[in-house]
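Visitor: whatever this is, show me its structure:
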Amino acid sequence: MAGQPGGDHRVRDLTPQEVAQGLKEGRVVLVDVREPNETAVERFPGAVTVPLSAFDPATIPAPPGSEVVFACRSGRRSVNASLAAQEQGFDYNAHLAGGILAWKAAGLPTET
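Guide: So this is what the prediction gives:
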């Protein structure tokens, strides 16, 4: 779960399996930072959509004790979202490494 070599070490990489398990157990809030035109085509089941173009981490519904995990298409925008949230004082330091592409490659379901 450590940052990738050359990646930003302020953001933890989580595997699709780790995120799916956290969602199943109710301890993860998955935040999809893709744009509405992308999420209209395919979505993560149960994810909250907060597009990066209008990103405000204060709008994320994060119950106490839950972990906010950012996701996007491939993992680049989710790192940016995590860093932006941290700059605003939020302790959101995790993202889905590989994004929805890795999620689907792991055989996990999406919604259309």
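Visitor: shaky segments in the chain?
Guide: 1-8 (pLDDT under 70).
Visitor: so which residue is dead centre in it?
Guide: By C-alpha atoms, centre = their mean, the chain has its centre lying nearest to residue 70, at 1.8 Å.
Visitor: quick one: contacts of the one helix or strand that one maps to?
Guide: Secondary-structure element containing residue 70, defined by DSSP states H and E: strand 67-71. In this structure, residues lying in contact with strand 67-71 by C-beta atoms under 8 Å, 6 or more residues apart in numbering are 14, 19, 22, 27-34, 44, 47, 60, 62, 77-79, 81-82, 85, 90, 92, 94-96, 99-100, 103. (C-beta placed from N, C-alpha, C; glycine too.)
Visitor: coming back round to it: how near is the residue nearest to the centre of the chain to residue 77?
Guide: Distance of residue 70 to residue 77, given as C-beta to C-beta, to the nearest Å: 8 Å.
Visitor: anything in contact with each of the two?
Guide: Contact with both residue 70 and residue 77 is made by residues residue 33, according to C-beta under 8 Å, 6+ apart.
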